[in-house]
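S.K.: Turn this into a model:
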Amino acid sequence: MMWKRSVDRLAVSVLGLASALSVLALVAAEPAVAARADNLPPPVVDNPTLPRVGLSPRVLEMASEYRSYMRRAAKVSTHFDSGQAIESSLAEVEAYEPQQLIRGAVAYGAVIALQDPAFVAGVRVYAANAAIRRDFADRIIADPNYITGMPGAATAANMIMSAMSQHGQKMAVLGGQIRAQAYEVQRAQPWSKTFVADRDGRLARAKTVSTAAMTPVPDDVRDLTAAVGGSDDFIAAELPGAAGTEPANPPFTPFVARSLAIAALASLGEGGEENETALESLLNDTTAGFCLNMSKLNLYQCLAVAKPYYEDMFCLGLHALADTGQCIAKAAGVTTASIEAATSVMAPTATPAAHGRTARKGHRPDGQ
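M.R.: Residues are numbered from 1 along each chain as shown. Sure thing, here's the model as predicted:
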């Protein structure tokens, strides 16, 4: 692949600058001295053949789970002609386990970062010496922020942020449209005022699918595997109009740092199954996971008090879609005006936990 050859030529061209003193300097360096990746000296080459850029199958499977969920969520209709149509969309969108979704998002972000040739080449400079490579990998695993000082990291970070912003914005805007339609449906469609059948069962099912493991999607796994080495087609599909992003301004969120760290390990040739335990630890973003957990709790409480179908429609738009999208965008450090506008329209004036029901600005769709 032309992309891979150009990256490796760029990386190998730098290797001739190294000396044995460079290796000794890195290995002996105190953490305070080598606190950032851009302080690393070029390594001595002990193997002119660079290791393959690669990610473990399990990481790619998790990325596929996230990608598949986002694609399903984006296809939810904003127009409903029956209560069953609302319940079907709700069942589709609520079907994710929060921690698994955010781990998949971090994994997906790593694949996005691997589309930046400068970032990959800068990391691969340190891949041709076994001792340096292992030391570099250990530092990244110990502290994901270590990689954020690497040349090219800021541009790769902006690619991650662009991808997550697009996903979050789509969900938030879609959720806002559905919430607005809930008012229109209540006014114009008599069926929407019918009470939801088996309300308790519907809530129980929501909780069940929110704890069930998501499954990999073979087609997405194949696409993501092919994209690990860099793919113009992948960039065109996942980042339309954003392939040439400018560097983002640090500091980066833990989510972005973790995606960059996993991409760096992949670039070093240290992202395979042999390092799966370390990769799993890098995938865990507790802050973003907490946001998604709260989104789920708000959804449960909304469903617990919703009776007619138009109120379930409101729960779908606000909590299942808009809240989830906002969590994804905020995880990457993105809060755009359009996302804020989409999530502020008819937003709760107080949390359901505070009042035991979903309080909203103005009135509920039923005017109460």
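
S.K.: so where's this structure shaky on pLDDT?
M.R.: Counting by pLDDT under 70, the chain has low-confidence residues at 1-48, 242-244, 336-368.

S.K.: check which helix or strand covers the most centrally placed residue in it.
M.R.: Centre of the chain computed as the mean C-alpha position; nearest residue by Cα atoms, centre = their mean is residue 105, 2.7 Å away. Taking DSSP states H and E as the definition, residue 105 sits inside helix 98-113.

S.K.: packing partners for that helix?
M.R.: helix 57-74, helix 153-188, helix 218-227, helix 254-268, helix 286-305, helix 324-331 (3 or more Cβ pairs under 8 Å, 6 or more residues apart in numbering; DSSP states H and E). For glycine as for every other residue, the C-beta is placed from the backbone atoms N, C-alpha and C.

S.K.: Swap in 6 Å and give it another go.
M.R.: Secondary-structure packing of helix 98-113 (3 or more Cβ pairs under 6 Å, 6 or more residues apart in numbering; DSSP states H and E): helix 57-74, helix 153-188, helix 254-268, helix 286-305.

S.K.: any idea which helix or strand comes after that helix?
M.R.: Heading C-terminal from helix 98-113, the first helix or strand you meet, by DSSP H and E, is helix 117-124.

S.K.: Tell me what angle that following helix forms with helix 254-268.
M.R.: 70 degrees (axes from the mean of the first three to the mean of the last three Cα atoms, to 10 degrees).

S.K.: List the buried residues in whichever helix or strand comes after helix 117-124.
M.R.: Following helix 117-124 in sequence order, the next helix or strand is helix 130-142 (DSSP H and E). Using 16 or more other Cβ atoms under 10 Å as the test for burial, helix 130-142 gives 132-133, 135-137, 139-141.

S.K.: What is the end-to-end distance of stretch 264-274?
M.R.: Terminal residues of stretch 264-274 are spaced 15 Å apart (Cα to Cα, to the nearest Å).

S.K.: buried set for it?
M.R.: Along stretch 264-274, these residues count as buried under the neighbour rule (16+ other Cβ under 10 Å): 264-272.

S.K.: With stretch 65-82 instead?
M.R.: Applying a neighbour-count criterion of 16+ other Cβ under 10 Å, one finds 65-70, 73, 76, 78, 80 buried in stretch 65-82.

S.K.: Stretch 108-124 too?
M.R.: Here stretch 108-124 shows 108-117, 119-124 as buried, counting by 16+ other Cβ under 10 Å.

S.K.: now could you export just the CA positions of that stretch as PDB?
M.R.: Output of stretch 108-124 as PDB, limited to C-alpha atoms (Å, rounded to 0.1, in the frame of the first residue of the first chain):
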ATOM      1  CA  TYR A 108     -12.300   3.300  17.100                       C
ATOM      2  CA  GLY A 109     -10.500   6.600  17.900                       C
ATOM      3  CA  ALA A 110      -7.200   4.700  17.700                       C
ATOM      4  CA  VAL A 111      -8.000   3.500  14.200                       C
ATOM      5  CA  ILE A 112      -8.800   7.200  13.300                       C
ATOM      6  CA  ALA A 113      -5.400   8.300  14.700                       C
ATOM      7  CA  LEU A 114      -3.600   5.700  12.600                       C
ATOM      8  CA  GLN A 115      -4.800   7.600   9.500                       C
ATOM      9  CA  ASP A 116      -2.300  10.400  10.200                       C
ATOM     10  CA  PRO A 117       0.900   9.500   8.400                       C
ATOM     11  CA  ALA A 118       3.000  12.000  10.300                       C
ATOM     12  CA  PHE A 119       2.000  10.700  13.600                       C
ATOM     13  CA  VAL A 120       2.500   7.100  12.600                       C
ATOM     14  CA  ALA A 121       5.900   7.800  11.100                       C
ATOM     15  CA  GLY A 122       7.000   9.800  14.100                       C
ATOM     16  CA  VAL A 123       6.300   6.900  16.400                       C
ATOM     17  CA  ARG A 124       7.800   4.300  14.100                       C
END
